[in-house]
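1. Next come a sequence and a model predicted from it.
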Amino acid sequence: MMSAAKSKPLHLAITIGDPAGIGPEVVLKSLAPATVRRLGRFTLCGHEAVLREAWDKLCAGRKSARTVAIRRSRCPLDFPNIHIHEPTPWRGRLPKLGTMSVRAGRLSLSYVEAAVGLC
């Protein structure tokens, strides 16, 4: 079995899920550790405005060991190996977090379609 250090760098496309759900937060938390970012290039399919808002909320969250570590780290979107693929230009306000809506559902579907289109 080949070690991670000798294997070919990854290039992954990741959808951010429902922009009003926990998907953007989960994606950003997953990419926060440097050990993960060093694995390769990541293309996030979603809107940067949604991801930036999720990062701001993560940094403003309750104090715990995890949020303290997140506050000390740079936003994963600021690293050169993490790219954002926006399926459409951003228009309007961000979907309200925790609220189901037709718009959020359509955006979520557009993220999946964008990722498939990268294949």
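-> Arrived safely, thanks for sending. Bear in mind that the values here come from a model prediction, so they are computed numbers and not experimental data.

2. Got the phi and psi for A13?
-> Here is the backbone geometry of A13 (degrees, to the nearest 10): phi -100, psi 130.

3. any idea which helix or strand comes after the lowest-mean-pLDDT helix or strand in the chain?
-> Ranking every helix and strand in the chain by mean pLDDT, DSSP states H and E puts helix 65-72 at the bottom, with a mean of 62. Next helix or strand after helix 65-72 toward the C-terminus (DSSP states H and E): strand 82-85.

4. what pLDDT, on average, does that next one get?
-> If you average the pLDDT over strand 82-85, you get 95.

5. Just checking: what are the partner strands of it?
-> Sheet pairing of strand 82-85 (DSSP bridges) gives strand 40-45 (parallel).

6. Give me the contacts around the strand it pairs with.
-> For strand 40-45, the external contacting residues (CB atoms under 8 Å, 6 or more residues apart in numbering) are 9-16, 27, 31, 51, 77, 81-85, 87, 111-112, 114-115, 118. Placement of C-beta: from N, CA and C, glycine included.

7. where are the low-confidence patches of this structure?
-> Within the chain, the ranges that satisfy pLDDT under 70 run 1-6, 61-72.

8. Now the residue nearest the centre of it. Nearest residue, chain neighbours left out?
-> The centre of the chain sits closest to V27, judged by CA atoms, centre = their mean, with a distance of 4.0 Å. Among residues not flanking V27 along the chain, I16 sits closest, at 5.2 Å (CB to CB, 6 or more residues apart in numbering).

9. next one: L12
-> Nearest residue to L12, sequence neighbours excluded (CB to CB, 6+ apart): F42, at 5.4 Å.

10. Now do G23: how many residues are near it, please.
-> Residues within reach of G23, counting by other CB atoms under 10 Å, total 20.

11. I'd say it and S30 touch.
-> No. Contact criterion CB atoms under 8 Å: G23 and S30 do not qualify, at 10.6 Å.

12. List only buried entries from the contacts of strand 40-45.
-> Among the contacts of strand 40-45, those buried by neighbour count (16 or more other CB atoms under 10 Å) are 13-16, 27, 31, 51, 77, 82, 84-85, 87, 111, 114-115.

13. Touching stretch 83-102 from outside, list them.
-> Outside stretch 83-102, the residues touching it (CB under 8 Å, 6+ apart) are 13, 19-21, 41-51, 53, 57, 77, 103-104, 107, 110-111, 113-115, 118.
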